[in-house]
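Colleague: Any chance you can model this:
(2 chains)
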2 protein chains.
Amino acid sequence: LASPLPPRPFVYPILDVALLAGRSVGGSVKDLALGGATIVQLRAKAVDDRRYLALAQEARDAARAAGVLFLVNDRPDIACLVGADGVHVGQADLPARCVRALLPEGAIVGVSTHGFEQAVRAASEPVDYVAVGPIFPTRTKARADPVVGLELIRRLRATIRLPLVAIGGITRSNAGAVAEAGADGLAVVSDLLAAGDLVAATAELRAALIATR
Amino acid sequence: LASPLPPRPFVYPILDVALLAGRSVGGSVKDLALGGATIVQLRAKAVDDRRYLALAQEARDAARAAGVLFLVNDRPDIACLVGADGVHVGQADLPARCVRALLPEGAIVGVSTHGFEQAVRAASEPVDYVAVGPIFPTRTKARADPVVGLELIRRLRATIRLPLVAIGGITRSNAGAVAEAGADGLAVVSDLLAAGDLVAATAELRAALIATR
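Modeller: Numbers count the residues shown, from 1 in each chain, chains lettered A, B, ... in the order given. Presented below is the predicted three-dimensional model:
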């Protein structure tokens, strides 16, 4: 299967609108692209749907201008409306096959998993990548799942062929170890959004990832 | 325009899953239909998407078996997935034209409004009915909009042709007055769901509505 994902390895910033700290969504997407991101996800857990739609539109426009892939967290309806490249869902969201059914052909569908069996099961669904985590402790999610560690990446790497995205507590400091364990993509939220210089931080993350290959 | 809505006047129960009080969604839909409802809406504000999908599937199955129209609150994606007859959105949800774009042709789209100008504006969008309220004080919504009263129904009745659905604080006791003011549909939540006998309560509401014609 030809994957519509970016070439591996890739940094995969998640733009959580609760952590923008005054940045605009569009400006952040541009900065992430300038730093070397080739795919960006927008996540908005505590805004109403009309606002989420507006933010997704802004992110989509910026992503298109910058030539990066753009995924919407949780919501295939909003992804369709703005013409996003795909949707990322978790275990409590709509099932991947349902999301796939709502999106145009060729759209990217990714799913979050939190353990070996869940990830293997997810890999048998119509998804383009499997995310696994949290790899390390994270404070981004109020109710995070138990930490799974690097060992799970190694086990999954030996088991499933789909692109593996590591998520949860990943920083520029530990990115090399995560990549070495076998992750194709590094999903990062707070280590990038908390940085003063988003372009530089993204470039550092990408350098750490590439250094291991 | 031929409306896909039920014949007017109609009672329009809203099945808020937070107020089921031990009832099943499917059983409630059946009881509402037995009491004379011809259209039912499912509302689930505090459940995750996977649960909402399962509840919507259950409601859709029961509605189809009972021959009542079934609408999903807020979510066109979930409506598509279960094959619902339509979607109802509020002012902070996806805009009606976006919802319409995501649904199959012929689907019902309704919108909540809270004042004269908002209702008139909504009536110019691609919607099948305009809901207006809260007509009376209501405790169903944690943050309800200001009460609009019966006078607004009279004004809107004289202004817009689309079916008017009254919502907010409507009970079997005041249903007649609301219908007399010009409402085509009576959306009712707590007065039905708090009743011991859902079939009887729905039939009483319908009787109060019909008595005014």
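Colleague: Would you check how far apart residue A:15 and chain B are?
Modeller: 20 Å (Cβ to the nearest Cβ, to the nearest Å). No exception for glycine: its C-beta is placed from N, CA and C like everyone else's.
Colleague: pretty sure residue A:80 contacts residue A:101?
Modeller: No: Residue A:80 is not in contact with residue A:101 according to Cβ atoms under 8 Å; the separation is 11.3 Å.
Colleague: Specify which residue of these two has the higher count of neighbours.
Modeller: A count of neighbours by other Cβ atoms under 10 Å in any protein chain shown puts residue A:80 above the other of residue A:80 and residue A:101, at 21 against 14.
Colleague: Kindly list the main-chain dihedrals of that one?
Modeller: phi -60, psi -50 (degrees, to the nearest 10).
Colleague: Then the one 4 residues further on?
Modeller: Here the main-chain torsion angles of residue A:84 (degrees, to the nearest 10) amount to phi -70, psi 160.
Colleague: What number of neighbouring residues does it come out with?
Modeller: Neighbourhood size, residue A:84 [other Cβ under 10 Å]: 27.
Colleague: Then the one 4 residues further on?
Modeller: Neighbourhood size, residue A:88 [other Cβ under 10 Å]: 30.
Colleague: ditto for the one 10 residues further on
Modeller: The local packing of residue A:98 (other Cβ under 10 Å) involves 21 other residues.
Colleague: Identify the residue nearest it in space, chain neighbours excluded?
Modeller: Take residue A:98 and drop its neighbours on the chain: the residue closest to it by Cβ to Cβ, 6 or more residues apart in numbering or on different chains is residue B:81, 5.1 Å away.
Colleague: which residues touch the one you found?
Modeller: By Cβ atoms under 8 Å, 6 or more residues apart in numbering or on different chains, the residues touching residue B:81 are A:94, A:98, A:101, A:102, B:53, B:56.
Colleague: for those, which one is nearest residue B:75?
Modeller: Nearest to residue B:75 among those, counting by Cβ to Cβ, is residue B:56 at 8.1 Å.
Colleague: Phi, psi for that closest one please.
Modeller: phi -70, psi -40.
Colleague: show me the contacts for it.
Modeller: B:42, B:44, B:72, B:78, B:79, B:81, B:82, B:84.
Colleague: Would you map the helices across chain A?
Modeller: With helices called from DSSP state H, chain A shows them at A:25-34, A:49-66, A:76-82, A:96-102, A:116-123, A:149-157, A:175-180, A:190-193, A:198-210.
Colleague: ok, and which of these has the densest surroundings?
Modeller: Highest mean neighbour count among those (mean count of other Cβ atoms under 10 Å in any protein chain shown): helix A:76-82, with a mean of 25.
Colleague: And it, how far out from the chain middle?
Modeller: Chain-centre distance of helix A:76-82: 17 Å, with Cα atoms, centre = their mean, to the nearest Å.
Colleague: next one: stretch A:195-209
Modeller: Here stretch A:195-209 is found 16 Å from its chain centre; the criterion is Cα atoms, centre = their mean.
Colleague: average pLDDT across that stretch?
Modeller: Stretch A:195-209 shows a mean pLDDT of 96.
Colleague: And for stretch A:114-134?
Modeller: 97.
Colleague: picking up where we left off before, any chance of TSV for the helices of chain A, columns distance to residue B:177?
Modeller: As requested, the helices of chain A are exported to TSV (distance: least, Cβ to Cβ, whole Å):
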stretch	distance to residue B:177
helix A:25-34	47
helix A:49-66	33
helix A:76-82	38
helix A:96-102	42
helix A:116-123	55
helix A:149-157	63
helix A:175-180	65
helix A:190-193	54
helix A:198-210	58
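Colleague: closest to residue B:187 out of the ones you listed?
Modeller: Nearest of the helices of chain A (Cβ to Cβ): helix A:49-66, 20.0 Å.
Colleague: That closest one vs helix A:25-34, what angle?
Modeller: Per axes from the mean of the first three to the mean of the last three Cα atoms, to 10 degrees, the angle that helix A:49-66 makes with helix A:25-34 is 30 degrees.
Colleague: How far off centre is helix A:49-66?
Modeller: In this view, helix A:49-66 has its centroid 16 Å away from the chain centroid, taken as Cα atoms, centre = their mean.
Colleague: For it, the averaged confidence score.
Modeller: Mean predicted confidence for helix A:49-66 is 98.
Colleague: what do you get for stretch A:154-167?
Modeller: 97.
Colleague: From one end of that stretch to the other, what's the distance?
Modeller: When the termini of stretch A:154-167 are compared using Cα to Cα, to the nearest Å, they are 14 Å apart.
Colleague: Only the buried residues of it, if you could.
Modeller: For stretch A:154-167, burial by neighbour count (16 or more other Cβ atoms under 10 Å in any protein chain shown) applies to A:155, A:156, A:160, A:162, A:163, A:164, A:165, A:166, A:167.
Colleague: quick check, nearest of the residues you listed to residue A:174?
Modeller: Among those, and counting by Cβ to Cβ, the member closest to residue A:174 is residue A:166, at 9.8 Å.
Colleague: Distance check, the closest one against residue B:143.
Modeller: Separation of residue A:166 from residue B:143 (Cβ to Cβ, to the nearest Å): 39 Å.
Colleague: Closest one to residue A:66 out of the contacts of residue B:81, please.
Modeller: residue A:102 (25.8 Å).
Colleague: Next up, the contacts around that closest one.
Modeller: By Cβ under 8 Å, 6+ apart, the contact set of residue A:102 is A:76, A:77, A:80, B:77, B:80, B:81.
Colleague: neighbouring contacts of stretch A:132-148?
Modeller: Contacts of stretch A:132-148 (Cβ under 8 Å, 6+ apart): A:16, A:19, A:112-115, A:119, A:149-150, A:152-153, A:156, A:164-170, A:174, A:178, A:187, A:189-190.
Colleague: So what would you say the end-to-end distance of that stretch is?
Modeller: Termini of stretch A:132-148 sit 8 Å apart (Cα to Cα).
Colleague: Close to chain B: what parts of chain A are there?
Modeller: For chain A, the residues in contact with chain B (Cβ under 8 Å from any Cβ of the partner chain) are A:48-51, A:53, A:74-78, A:80-81, A:91-95, A:98, A:101-102.
Colleague: and stretch A:80-94, how far from the chain's centre?
Modeller: With Cα atoms, centre = their mean, you get 11 Å for stretch A:80-94.
Colleague: now that stretch: mean pLDDT?
Modeller: Averaged across stretch A:80-94, pLDDT comes to 97.
Colleague: Leaving out chain neighbours, which residue sits closest to residue A:180?
Modeller: Excluding its sequence neighbours, the residue lying closest to residue A:180 (Cβ to Cβ, 6+ apart) is residue A:212, at 4.8 Å.
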